[in-house]
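Colleague: need the 3D shape of this:
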Amino acid sequence: MRVYPTFFRLAFSWMDAERAHKIGFKGIRLAHASGAGKVLQKLSAPAHSLQTTAFGVTFPSPFGLAAGFDKEGHGIEALTDLGFGHIEVGTITGQAQPGNEKPRLFRLVQDRAVVNRMGFNNDGASAVAPRLKAARAALQRRYPAVRPVIGVNIGKTKVVELADAVDDYLVSARSLAPAADYLVVNVSSPNTPGLRLLQDVETLRPLLTAVGQEADRAAGRHVPLLVKIAPDLSDDDIDDVARLALDLKLDGIIATNTTVARAGLSSPAGEVEKCGAGGLSGAPLKQRSLEVLKRLKHATGDALALVSVGGVESAQDVQERLDAGATLVQGYTAFLYEGPFWAARINKELAKKRRS
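Modeller: Now for the predicted structure:
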């Protein structure tokens, strides 16, 4: 019997979702700072059999934490104590920004889903960069063999016009690439006005080209570059992005971000309407994110890494994505419902499947 669902219902379900997130995240960081993280690390460490290589980087597990949980790099070490094979930090923008007005994060518990319109709230690239550098050095000391991987997700500053988006992304790439194991260009959040227009391949091509060149120059090495796309793209648009990724020799595609769709939810219509605009994540996204993964796999073969995210809740979900062609799998929303031992439980069950 798992205790956390009861704890969540009693301690967090009645609380503002963003406040609950901050309290939970602070608890994870305090556990690490108190020394309890060393115990958690031993209990949660992925089995050796789960080591996975993607774009030349070795991951201790194929399962990692998606962008959005640690937006500013405050808890990378603490989160790796819980067994995640990688932590994707962000989304980070070239300039610091407060994000959208609160409330901006809402739970649909009946659907095991979340609606957010956070709006890339973060301290800005120049402030986050030193945290990434320190975390990377600390992880190298703590994990001398295969350490958890740090991904960095970058997006457009809200006040920057679309015409100036490339220069804005370059500010982030320049600051953050030296400490990143891989870099993600996020053009798929629904919460920054106009951002999804950058998914058009004619606009996306010069953006990805410029970011890739600047990241490698700033880091003095090749920094694997991925693009994160929305589940709301048409199949034809997905095919176009796949062809572009192959043409530009990107290292991977992350599929998918949150959706603006609200179809098929079990929650009462009034409850959904109260959440307002924003991106929906969690269990309702499972089918579409899997469809997008399969389409990308058919289009790209083994030419690049595919990272699947959206509706991932269990080891069975992770394995299904791996079997469908994903190299790596990410989760986030289920973490809020399943609690701090979620990644460790998934790793344990994945390792058991590989032994059987």
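Colleague: the most centrally placed residue in the chain and residue 82, how far apart?
Modeller: Nearest to the mean C-alpha position of the chain, by C-alpha atoms, centre = their mean, lies residue 66 at 2.1 Å. As judged by C-beta to C-beta, to the nearest Å, residue 66 and residue 82 stand 14 Å apart. The way it works is simple: take the backbone N, C-alpha and C, and place the C-beta from them, glycine included.
Colleague: again with residue 93
Modeller: Separation of residue 93 from residue 82 (C-beta to C-beta): 27 Å.
Colleague: looking at those two, which one has more neighbours?
Modeller: Using other C-beta atoms under 10 Å as the criterion, residue 93 and residue 82 rank with residue 93 on top: 29 against 25.
Colleague: and the more buried one, how far from residue 47?
Modeller: Residue 93 is 37 Å from residue 47, by C-beta to C-beta.
Colleague: tell me the pLDDT of the residue nearest to the centre of the chain.
Modeller: Residue 66 is assigned 97 on the pLDDT scale.
Colleague: just use 2 as the starting number from now, easier for me
Modeller: Renumbered: residue one is now 2, and that last one reads residue 67.
Colleague: ok, and the closest non-adjacent residue to residue 48?
Modeller: Nearest residue to residue 48, sequence neighbours excluded (C-beta to C-beta, 6 or more residues apart in numbering): residue 352, at 3.8 Å.
Colleague: what is the host helix or strand of the one you found packed up against?
Modeller: With secondary structure defined by DSSP states H and E, residue 352 is part of helix 343-356. Identification of packing neighbours for helix 343-356 by 3 or more C-beta pairs under 8 Å, 6 or more residues apart in numbering; DSSP states H and E yields helix 37-45, strand 64-66, helix 316-324, strand 329-332, helix 334-339.
Colleague: average pLDDT across the fourth one?
Modeller: To tie it back to what came earlier, the one meant is strand 329-332. In this model, strand 329-332 has a mean pLDDT of 98.
Colleague: coming back round to it: joint contacts of residue 67 and residue 83?
Modeller: Shared contacts of residue 67 and residue 83 (C-beta atoms under 8 Å, 6 or more residues apart in numbering): none.
Colleague: rewinding a little: tell me which of the helices and strands packed on helix 343-356 sits nearest to residue 281.
Modeller: helix 334-339 (9.3 Å; C-beta to C-beta).
Colleague: and that closest one, how far from the chain's centre?
Modeller: Relative to its chain's centre, helix 334-339 lies at 14 Å (C-alpha atoms, centre = their mean, to the nearest Å).
Colleague: one more: stretch 64-71?
Modeller: Put simply, stretch 64-71 sits 4 Å off its chain's centre (C-alpha atoms, centre = their mean).
Colleague: give me the residues contacting it.
Modeller: By C-beta under 8 Å, 6+ apart, the surrounding residues in contact with stretch 64-71 are 22, 26, 47, 51, 77, 80, 85-92, 117, 119, 150, 152, 154, 185, 187, 229, 310, 319, 329-333, 336, 344, 347-348, 351.
Colleague: check stretch 51-63 too.
Modeller: 46-47, 64, 84-87, 144, 147-150, 182-183, 225, 252-253, 305-306, 308, 319, 323, 327-330, 344, 348, 351-352, 355.
Colleague: what bits of the stretch 102-251 of the chain have low per-residue confidence?
Modeller: Across the stretch 102-251 of the chain, the ranges flagged by pLDDT under 70 are 189-192, 194-197, 200.
Colleague: related to what we said a few turns ago, give me the buried subset of the contacts of stretch 64-71.
Modeller: For the contacts of stretch 64-71, a burial check counting by 16 or more other C-beta atoms under 10 Å picks out 22, 26, 47, 51, 77, 80, 85-92, 117, 119, 150, 152, 154, 185, 187, 229, 310, 319, 329-333, 336, 344, 347-348, 351.
Colleague: tell me the pLDDT of residue 16.
Modeller: Reported pLDDT at residue 16 in the predicted model: 79.
Colleague: skipping adjacent residues, who's closest to it in space?
Modeller: Sequence neighbours aside, residue 24 is the residue nearest to residue 16 in space, at 7.8 Å (criterion: C-beta to C-beta, 6+ apart).
Colleague: that neighbour sits in which helix or strand?
Modeller: In the assignment (DSSP H and E), residue 24 maps to helix 18-35.
Colleague: please save the CA atoms from that helix in PDB.
Modeller: The C-alpha coordinates for helix 18-35 follow below in PDB (Å, rounded to 0.1, in the frame of the first residue of the first chain):
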ATOM      1  CA  ALA A  18      -1.300  24.100  -6.800                       C
ATOM      2  CA  GLU A  19       1.600  26.500  -7.200                       C
ATOM      3  CA  ARG A  20       2.000  26.900  -3.500                       C
ATOM      4  CA  ALA A  21       1.900  23.200  -3.000                       C
ATOM      5  CA  HIS A  22       4.600  22.800  -5.700                       C
ATOM      6  CA  LYS A  23       6.900  25.200  -3.900                       C
ATOM      7  CA  ILE A  24       6.400  23.500  -0.500                       C
ATOM      8  CA  GLY A  25       7.100  20.100  -2.000                       C
ATOM      9  CA  PHE A  26      10.100  21.200  -3.900                       C
ATOM     10  CA  LYS A  27      11.500  23.000  -0.800                       C
ATOM     11  CA  GLY A  28      11.000  19.700   1.100                       C
ATOM     12  CA  ILE A  29      13.100  17.800  -1.500                       C
ATOM     13  CA  ARG A  30      15.900  20.400  -1.300                       C
ATOM     14  CA  LEU A  31      15.800  20.300   2.500                       C
ATOM     15  CA  ALA A  32      16.100  16.600   2.500                       C
ATOM     16  CA  HIS A  33      19.200  16.900   0.300                       C
ATOM     17  CA  ALA A  34      20.800  19.600   2.400                       C
ATOM     18  CA  SER A  35      20.200  17.700   5.700                       C
END
